[in-house]
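[1] got a sequence here, can you build the structure:
(one chain, ligands or ions: 1)
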Amino acid sequence: MNKATLFFRIAFLVLTLASCSENDTGKKKEMTRNATNLVVVGFSQVGAESDWRRANTMSMKETFTEEKGYGLLFRDAQQKQSNQIVAIREFIQKKVDYIVLAPVTEQGWDEVLRDAKAAGIPVIVVDRMIQTSDDELYTCWVGSDFRKEGDTAVLWMEKTFRDKETLTIAHMQGSLGSSAQIGRTEGLHAGASRNAGWKIVLSDTGDFTQVRGKEVMERFLSEFREIDVLYCENDNMAFGAMQAMENAHIQYGSNGGVTIISFDATHAGLEATRAGKISFNVECNPLHGPRVEKIIRQMLNGETPNKISYVDEIAFDAATITQEAIDRRGY
Ligand code: GYE
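    Take a look at the predicted model:
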């Protein structure tokens with residue numbers, strides 16, 4: 001550790017300890033922060049529910065380091081919006097320079113964001129979107145086009161199953177009310193409404209986790225076994241569903257049985273795709289750290305970032321995926 005880093009560490013510790021004390025005056029905190037010269041970022045993260053999420057957390061932590069001039073306050077909400085509201089209030093109280101929010105759900109942010117705005121703290125929304133009564137309550141958003149992801153999966157289904165008169169679909173949804181669930185679900189529903197033979201026979205949320213994915217699939221199989229397609233809104237739920245199918249001796253994959261469609265295309269997800277367990281996997285990129293940093297740099301330079309920025313994404317077909325694509329995958 002060089003001297004500058006040591007200085008920043010000590011200074012940041014002083015800042016954190018100082019702001020923990022409830023009796024502190026705002027003035028004193030301000031003075032302590034200025035002494036560090038760090039840009040303080042409060043990041044409210046959804047949780048640690050999936051490989052995607054862990055990669056996203058890593059990307060943020062690797063980006064907002066003291067070496068690069070940042071002090072990061074990281075708060076894991078354990079998939080509860082109420083925890084995120086507590087975290088944002090803490091960030092306001094600590095007078096962070098920027099609030100970064102990866103929201104659990106789209107709704108319910110107006111009140112706390114009004115407080116952030118009143119405190120003059122810019123809010124950058126990342127990954128999932130939010131719906132607010134007033135767009136000025138947040139500075140900007142960067143993330144994926146989830147509806148487009150759903151449409152990409154549906155186009156593949158239309159092409160792959162064009163000769164099939166009926167198609168029975170089990171739909172494993174992500175966390176209800178999250179943009180990732182809403183967009184991917186809308187895509188499937190639009191596909192089902194224009195393909196008369198498509199029947200969504202089962203539908204439930206597995207909350208984006210492997211454990212819930214397994215439980216939900218067990219229940220699905222106890223209700224209905226003639227499933228053609230499992231439309232699964234992320235890789236981890238797909239892994240859970242695979243365990244459930246293996247335990248129930250249900251065949252799945254590209255060689256016959258249940259065809260699995262998944263989202264995220266993480267390293268493990270791509271391996272399962274190459275093995276033919278997942279037939280089609282739509283990419284969702286979690287490496288948002290540098291994107292958020294770019295936004296903060298723009299603001300520090302007095303520029304106005306784009307209100308909405310979508311990340312480019314592709315998809316992987318089990319029939320064509322290469323080992324090289326997997327090797328290149330860093331998450
Ligand atoms: O697909 C899932 C994660 O919001 C895009 O959340 C994200 C989703 C991702 O838990 O794996």
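
[2] got the residues of this structure near the ligand?
    Selection of the chain residues close to the ligand by Cβ under 6 Å from any ligand atom yields 49-50, 52-53, 127-128, 144, 178, 180, 208, 234, 263-264, 284. From N, CA and C alone the C-beta is placed, and that goes for glycine too.

[3] if we go to 5 Å?
    Proximity of the chain to the ligand is confined to E49, S50, W52, R53, D127, R128, A180, F208, N234, D264, C284 under the rule Cβ under 5 Å from any ligand atom.

[4] isn't there a helix covering the fourth one?
    Okay, so that is R53. Yes: assessed by DSSP: H, G, I helix; E, B strand; the rest coil, R53 belongs to a helix.

[5] that one against P286, yeah?
    Yes: taking contacts as Cβ atoms under 8 Å, R53 lies within contact range of P286: 7.3 Å.

[6] buried residues in stretch 286-301, which are they?
    P286, L287, H288, G289, R291, V292, E293, I295, I296, M299 (16 or more other Cβ atoms under 10 Å).

[7] identify the farthest-apart pair in these.
    Within those, P286 and M299 form the most distant pair, 22.6 Å apart (Cβ to Cβ).

[8] any idea of the pLDDT on A265?
    Looking at A265, its pLDDT is 98.

[9] burial measure for it, as a count.
    Residue crowding around A265 was assessed by other Cβ atoms under 10 Å; the count is 29.

[10] repeat that for the one 4 residues further on.
    Each residue near G269 was counted by other Cβ under 10 Å, and the total is 30.

[11] assign it to helix, strand or coil.
    Assigned with three-state DSSP, G269 falls in the helix class.

[12] next one: it from A196, what distance?
    31 Å (Cβ to Cβ, to the nearest Å).

[13] how about W52?
    For W52, the distance to A196 (Cβ to Cβ) stands at 34 Å.

[14] neighbour count: these two, which is higher?
    W52 (23 against 9).

[15] which residues touch the more buried one?
    N234, D235, N236, D264, T266, C284, P286, Y331 (Cβ atoms under 8 Å, 6 or more residues apart in numbering).

[16] pLDDT score assigned to it?
    98.

[17] same thing with the one 3 residues further on?
    The per-residue pLDDT reported for A55 equals 98.

[18] need the contact list for it.
    Applying Cβ under 8 Å, 6+ apart, we find A55 in contact with T266, P286, L287, G330, Y331.

[19] with D145 instead?
    By Cβ under 8 Å, 6+ apart, the contact set of D145 is G183, Y310, V311, E313.

[20] can you put those in CSV and add secondary structure and distance to A325?
    Below are these laid out as CSV (DSSP: H, G, I helix; E, B strand; the rest coil; distance: Cβ to Cβ, whole Å):
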residue, secondary structure, distance to A325
G183, helix, 24
Y310, strand, 22
V311, coil, 17
E313, coil, 13
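
[21] among those, which two are most distant?
    G183 and V311, at 13.2 Å, using Cβ to Cβ across the contacts of D145.

[22] neighbour count winner among the two?
    Between G183 and V311, counted using other Cβ under 10 Å, the more crowded position is G183 (22 against 16).
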